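**Q** heads up, no residue letters with this:
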């Protein structure tokens, strides 16, 4: 049986921390489905189309991934895609508290799908999409915080105030 894992996120934008988690998962699971959330409650800065493009360009070197967008319950997507595992990256205890509650709810809804928590690599433990947006929005350097493939585009989008 092929093992399939979902790596969900808003990816607004994808960071080196996100990419690190996905690359590490790609070594363990046969297929990684990177699922970009289209959740209107999150109010992302970048459009879904732009976030999908950034994710695609950032992960082009990983062969065993599929990149999709999704709306609705993540657990329903996992079932639809025959995923056995949902992978969530954790940076700190505060991440764990929220993700633990979501994992328990998912387990209640569909018990056969597991949630795996993967600790961030130490060099990315401080990194978030929100921090990236704050740094670039204030004119700071984001080199090494986001994949090189999209760094220039992010900087330009802030300079020109275009996020579509």
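**A** Okay, I see it. A quick note: this is a predicted structure, and the numbers were derived from the prediction, not measured.
**Q** element containing residue 111?
**A** Using DSSP states H and E, residue 111 maps to neither a helix nor a strand.
**Q** off-centre distance for the lengthiest helix in the chain?
**A** Looking across the chain with DSSP state H, the single longest helix is helix 93-109. Centroid separation for helix 93-109 versus its chain: 16 Å, with Cα atoms, centre = their mean, to the nearest Å.
**Q** what's the answer for stretch 79-98, then?
**A** Its chain's average C-alpha position is 10 Å from that of stretch 79-98, according to Cα atoms, centre = their mean.
**Q** which parts of that stretch are buried?
**A** 81, 83-91, 95 (16 or more other Cβ atoms under 10 Å). In short, each C-beta sits where N, CA and C put it, glycine included.
**Q** what is the subsequent helix or strand relative to the lowest-mean-pLDDT helix or strand in the chain?
**A** Of all the helices and strands that make up the chain, helix 93-109 has the lowest average by mean pLDDT, DSSP states H and E, namely a mean of 92. Once the chain leaves helix 93-109, the next helix or strand it forms, by DSSP H and E, is strand 114-119.
**Q** against which helices or strands is that next one packed?
**A** helix 16-26, strand 85-90, helix 93-109 (3 or more Cβ pairs under 8 Å, 6 or more residues apart in numbering; DSSP states H and E).
**Q** and residue 68, its phi and psi?
**A** For residue 68, the backbone dihedrals (degrees, to the nearest 10) come out as phi -140, psi 170.
**Q** if we ignore the residues flanking it in sequence, what's nearest it?
**A** residue 35 (5.5 Å; Cβ to Cβ, 6 or more residues apart in numbering).
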